[in-house]
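Student: What shape does this take:
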Amino acid sequence: MGFLLFTYIYHSKTKNLTVLLGVLFMVGVAAYRARRSIMVVGVVYLLIFLVILYLYSNRKVLMAMLFGVLLLVASAFAGQIYQKLRFTFFEKIEERSTENTREYVELAFYRDFELQDWIIGRGINGTYWCPNIDVNDTTGYRRMIETDYLNMILKGGSILLVLILVISIPAAFKAFFYSKNLLSKAAGIWIILWILSLYPMNVFIFSVNYMIFWIAVGIGYSRDIRYLSDETIKEAFKQ
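Tutor: Sure thing, here's the model as predicted:
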């Protein structure tokens, strides 16, 4: 949904509205369930979308005035709304606002790893010693860690992490700075967001997010795609 928002100029108003409502719903559910990482990512999607919306708008002055009014209204009523919903909607997120749920597993990971493990990892079925964390755990060994860059090191070592960064960062740079269409720039943004998400979320898994990441890398290395016009891409989306 985030990538669809970033490329809104290629889609119909109905699709854009549906996706926007979906992201807002995602942020709301994440806040209610105190899923801090998802909530932050959802808010970042919305903020980037607003910036793109402003930059590609033909009425920048009107957009700036509208954003200003919305900001003033939000700041005026945010405190009251929070106080009213503090012990219902925002209860869980307030309880977990300063809670560090990663420290124990990360320390266990560091203690269990040796130099060779940091370099080449422990393979696709690799584990590390971290007892008393998972429900119904009987072995004390875990096959994954919630901090995803460490999860990559667990499976393939620093070699895997460095190789992906070496491949993806130049692609993001090319896609964002050496392109003539929004699709390529959105691809560059997506790559950077994916890399930043390696700390708070698990994104190194086979998912739509992961597939878009590699498609974005391909766009970054494709001069033909990067130099297409937005009009050409719009026509392609309509077919």
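Student: For the residue of the chain most remote from its centre, give its distance to residue 212.
Tutor: Distance from the centre of the chain peaks at residue 138, with 33.1 Å (Cα atoms, centre = their mean). Distance from residue 138 to residue 212, counting by Cβ to Cβ, to the nearest Å: 37 Å. C-betas here are computed from N, CA, C, even on glycine.
Student: Can you list the residue ranges for strands in this protein?
Tutor: Using DSSP state E, the strands of the chain run over 128-129, 141-142.
Student: How much space separates the closest residue to residue 46 other than its chain neighbours from residue 64?
Tutor: Nearest residue to residue 46 in three dimensions, chain neighbours excluded: residue 23, at 6.2 Å (Cβ to Cβ, 6 or more residues apart in numbering). Counting by Cβ to Cβ, the gap from residue 23 to residue 64 is 22 Å.
Student: the more surrounded of the two?
Tutor: For residue 23 versus residue 64, neighbours defined as other Cβ atoms under 10 Å are more numerous around residue 23 (19 against 12).
Student: Could you pull up the residues touching that one?
Tutor: Residue 23 is in contact with 1-2, 5, 42, 45-46, counting by Cβ atoms under 8 Å, 6 or more residues apart in numbering.
Student: 10 Å instead?
Tutor: 1-2, 4-5, 41-43, 45-46, 49 (Cβ atoms under 10 Å, 6 or more residues apart in numbering).
Student: how near is it to residue 67?
Tutor: For residue 23, the distance to residue 67 equals 17 Å [Cβ to Cβ].
Student: got it, and residue 5?
Tutor: Counting by Cβ to Cβ, the gap from residue 5 to residue 67 is 16 Å.
Student: Same check on residue 166?
Tutor: In terms of Cβ to Cβ, residue 166 sits 38 Å off from residue 67.
Student: quick one: which of these two has more around it?
Tutor: Under the criterion of other Cβ under 10 Å, the comparison of residue 166 against residue 67 puts residue 67 first, with 13 against 9.
Student: quick one: the helices in the chain?
Tutor: For the chain, the helices defined by DSSP state H cover 2-6, 13-32, 36-55, 60-85, 91-95, 103-112, 115-120, 148-177, 182-196, 208-221, 223-226, 230-238.
Student: which one of these lies closest to residue 131?
Tutor: With Cβ to Cβ as the measure, helix 103-112 is the member of these nearest residue 131 (8.2 Å).
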